[in-house]
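*Asks:* Quick one, what's the 3D model for this:
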Amino acid sequence: MRMRNLYRKPTTLRCNAGSRCYSASAVIWSLLGCLLLFHLYSNIHHKHGEGREVQLRVTNHPQFRELQQVEEEIIQLPPQKGKRSPRAAKRRHKRVTPLVDEFLDEDSRLRHVFFPGNNSAIDPVKVTGNDSYYYYPGRIWLDTDRNPIQAHGGGILYDERSNTYYWYGEYKDGLTYRAHKRGAARVDIIGVGCYSSKDLWTWKNEGIVLAAEEMNGTHDLYKSNVLERPKVIFNDKTRKYVMWMHIDDANYTKAAVGIAISDTPDGPFEYLGSQRPHGYESRDMTVFKDEDGVAYLIYSSEENNVLHIGPMTEDYLNLMPVMRRVFVGQRREAPAVFKHQGTYYMITSGCTGWAPNEALAHAAESILGPWETLGNPCVGGNKMFRIATFLAQSTFVLPLPGFSGSFIFMADRWNPSDLRDSRYVWLPLIVEGPTHHSSEYISRLPLWSRVSIYWHRKWRLPQGWSTFK
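*Replies:* Below is the predicted model of the structure:
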């Protein structure tokens, strides 16, 4: 039995002309459909109109079209024969893909593929002409003294006063060991390394800007403790450079953040102490300074089950009481936050120790949320490569001045057996067009832009980009 729709409003149209009535109805519904589509287009164009113009400008640039070409990566895995190393065998139950298993095997025959040798190092001092300014993800990268850059888990500050980029990161040039049998691979704290550049390719070593404590065993920076993921922002009011970092003990039970300040970007930084933000444990973390000058701390907490986000005080030396819990129960870490045309974006990784895993991109209208997950942003390579984030883990996303919607995705390819030989994976990240998963959000507004990280064995920044913002 067909039931009458009690919520259907009666139409005022009446017709006894059979097909003519059907035609009239079809015309009316077509007009209504056109009006609806026009309204939807107007909303999207109003929200993303500026972006549409920039998108055309960016994608029409020849080198940007080149960067957005899908580049495949064929890695022939050796047959699973013979005895694997004990560490690889223990990890099999945590299997992500056979590629990750091979990556974690210290005796893998593909070791030279994952960690190319010295003969292929990026040497900006030696390379000239048409071969200059190329990034080779995963290769050794030398500074102007021709030593491997030591800035792991780091971030970049653009200093407007000197028109210079400063790259801060963990200086891991030490012996890799385990504090106890089941402990994580680690090196003693040496300090935070700092490198300066005018072109984002040639980096000068500015030295250790925050050094380890050699004698005082109760100090946060005592060499057997943990210092990870340092990030620096400039406070326009106090004129201080403020560094936040993950501080921990050898067993990762302290779970705190440390704060240091300096009058200059190249240090030295004065260590002020540590705290558990908002009273919660904190591990992988980052900071983000918004256009209005308000800075935020984003950190993995609650046994890495939740990310917390909260604004800092005006001097960037403490936190306001406000805090939001996001990605509850999703076990995300390694956050990297950036902003484009009023929308906040974040790249995160899963929690699998030193093993690479699938990155996810997220978007929000407010940095405090709510945040929505857009999916895996990795493009190119092959399926196993993409779900392992090109065998790397996010650490920072750097805006590329002069090209709106274009960024550099900075990641670390960790080498658990020799952490000082961990590599850098820098790749183009572009925000434009509807998200890959737009159908999932078809009934929701806003319609987020797509975030894409393009794999390239070799790439460089487009000609005409400017250091100046």
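
*Asks:* Can you spell out the domain ranges of the chain, please?
*Replies:* 53-140+330-469, 149-304 (automatic domain parsing).

*Asks:* per-residue confidence for the closest residue in space to F114 that isn't next to it in sequence?
*Replies:* Spatial nearest neighbour of F114, chain neighbours left out: F103 (5.6 Å); criterion: CB to CB, 6 or more residues apart in numbering. Backbone N, C-alpha and C define where each C-beta goes, glycine included. F103 is assigned 95 on the pLDDT scale.

*Asks:* how near is F103 to S120?
*Replies:* Distance of F103 to S120, given as CB to CB, to the nearest Å: 18 Å.

*Asks:* more neighbours, those two?
*Replies:* For F103 versus S120, the count of surrounding residues by other CB atoms under 10 Å is larger for F103: 27 against 12.

*Asks:* Quick check: the more buried one is in a strand.
*Replies:* No - counting by DSSP: H, G, I helix; E, B strand; the rest coil, F103 is located in no strand; its state is helix.

*Asks:* ok, longest strand in the protein?
*Replies:* Using DSSP state E, we find that the single longest strand of the chain is strand 423-434.

*Asks:* Could you name the helices and strands sitting against it?
*Replies:* helix 19-59, helix 62-67, strand 406-413, strand 449-454 (3 or more CB pairs under 8 Å, 6 or more residues apart in numbering; DSSP states H and E).

*Asks:* hey, least reliable of the ones you listed by pLDDT?
*Replies:* helix 19-59 (a mean of 40).

*Asks:* Pull the contacting residues for M410.
*Replies:* Residues near M410 by CB atoms under 8 Å, 6 or more residues apart in numbering: G154, G155, I156, A336, S394, T395, F396, V397, L398, Y424, V425, W426.

*Asks:* same check, this time on Y271
*Replies:* Per CB under 8 Å, 6+ apart, neighbours of Y271: L210, D220, L221, G258, I259, A260.

*Asks:* Doesn't it lie inside a strand?
*Replies:* Yes - when classified by three-state DSSP, Y271 is found to be part of a strand.

*Asks:* What pLDDT is listed against it?
*Replies:* pLDDT recorded at Y271 is 98.

*Asks:* beta partners of it?
*Replies:* A260 (DSSP bridges).

*Asks:* ok, now Y135?
*Replies:* W459.

*Asks:* Roughly how far does it sit from A260?
*Replies:* For Y135 relative to A260 (CB to CB), the value is 30 Å.

*Asks:* In contact with H456, which residues?
*Replies:* L67, E71, Y135, P137, G380, L427, P428.

*Asks:* And for G329?
*Replies:* Contacts of G329 (CB under 8 Å, 6+ apart): N305, V306.

*Asks:* give me that answer again for 7 Å
*Replies:* N305 (CB atoms under 7 Å, 6 or more residues apart in numbering).

*Asks:* again, but for the one 3 residues further on
*Replies:* For R332, the contacting residues are S300, L307, T348, G350, taking CB under 7 Å, 6+ apart as the criterion.

*Asks:* Mind picking the two most distant members of these?
*Replies:* L307 and G350 (12.3 Å; CB to CB).

*Asks:* Please identify which of those two sits among more neighbours.
*Replies:* Neighbour comparison, L307 and G350: the larger count goes to L307, with 27 against 19 (by other CB under 10 Å).

*Asks:* What pairs with the helix or strand that contains that one, parallel or antiparallel?
*Replies:* Using DSSP states H and E, L307 falls within strand 306-311. Strand 306-311 pairs in its sheet with strand 295-301 (antiparallel), strand 324-326 (antiparallel), by DSSP bridges.

*Asks:* quick one on the thing from earlier: least reliable of the domains of the chain going by mean pLDDT?
*Replies:* Of all those, domain 53-140+330-469 has the smallest average pLDDT, which comes to a mean of 85.

*Asks:* what about the helices in this structure?
*Replies:* Shown for the chain, the helices assigned by DSSP state H span residues 19-59, 62-67, 86-90, 98-104, 111-114, 383-386.

*Asks:* distance of T286 from P335?
*Replies:* According to CB to CB, T286 and P335 sit 5 Å apart.

*Asks:* Equivalent analysis for A361, please.
*Replies:* Taken as CB to CB, the span from A361 to P335 is 11 Å.

*Asks:* Equivalent analysis for R413, please.
*Replies:* Here R413 is placed at a distance of 18 Å from P335 (CB to CB).

*Asks:* who's more crowded, these two?
*Replies:* Neighbours per residue (other CB under 10 Å) separate R413 from P335, with P335 holding more: 26 against 21.

*Asks:* how about the strands of the stretch 301-450 of the chain, start to end?
*Replies:* With DSSP state E, counting those that start in this stretch as the definition, the stretch 301-450 of the chain shows strands at residue ranges 306-311, 324-326, 332-340, 343-350, 360-364, 372-375, 378-379, 393-399, 406-413, 423-434, 449-454.
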